[in-house]
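**Q** I would like to see how this sequence folds:
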Amino acid sequence: MYKNLLLLVITAYLCPYTQTLGPQCVGKALPHSPQTDHWLRVLKHDGLSPFNNNPGTYQVFRNVRDYGAKGDGQTDDSDAINLAISFGDRCGIGCDSSTTSPAIVYFPPGKYLISRSLLQYYFTQFVGDPIELPVLIMAPDFDGDRVKALVASNHYGSGGAEIWTNQNNFY
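**A** Numbering: from 1, shown residues only. The predicted structure follows:
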């Protein structure tokens, strides 16, 4: 009983601040600004992966805009985002797991049009601006994974074989 009451209180508190098109919880958005100064965007990103084969040049932090994503809601950003995910000899197709090539893929504020699944490689975290949330928009002609996933983190190859080990990648 207390669990249901707690859920009701949390939902009632958060409902006015969610951004959704659903009928259950449409409310006001958090304050909007054209460009946020969230610490993750402005921080100097000089961290490295010391056990990587190329620790001096391997980029852990990747801003999708640096790989060509526009975030304007009109341009297809699928290839640019997948490039940000896979760049630098990452653990992708054919790699069961690796902790020497992590990636933080950062989405600045914007609307990212997606026409193909984003293949979230092993040891990859997607992080968005928490002040002005980025939005992934499924294109009308979306040609994604079998289940039409915008983000495929448990991707399967031919014959249903797993390509890499799934893990929790969102926060």
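**Q** burial of the residue nearest to residue 73 when sequence neighbours are not counted, as a residue count?
**A** Spatially, and ignoring its direct neighbours in sequence, residue 73 is nearest to residue 111 (3.5 Å; Cβ to Cβ, 6 or more residues apart in numbering). Yep, even glycine has a C-beta here, placed from its N, CA and C like the rest. Residues lying near residue 111 (other Cβ atoms under 10 Å) number 15.
**Q** please apply the same query to the one 10 residues further on.
**A** As a burial measure, the neighbour count of residue 121 was computed by other Cβ under 10 Å and equals 24.
**Q** can you tell me the element it falls in?
**A** Counting by DSSP states H and E, no helix or strand carries residue 121.
**Q** tell me the contacts of it?
**A** 85-86, 90-92, 103, 164 (Cβ atoms under 8 Å, 6 or more residues apart in numbering).
**Q** kindly indicate the member of those residues with the most neighbours.
**A** Top of the contacts of residue 121 by neighbour count (other Cβ under 10 Å): residue 103, with 25 neighbours.
**Q** what's across from that residue in the sheet?
**A** When bridges are called by DSSP bridges, residue 103 pairs up with residue 124.
**Q** now the one 4 residues further on
**A** With DSSP bridges applied, residue 107 shows beta-bridge pairing to residue 128.
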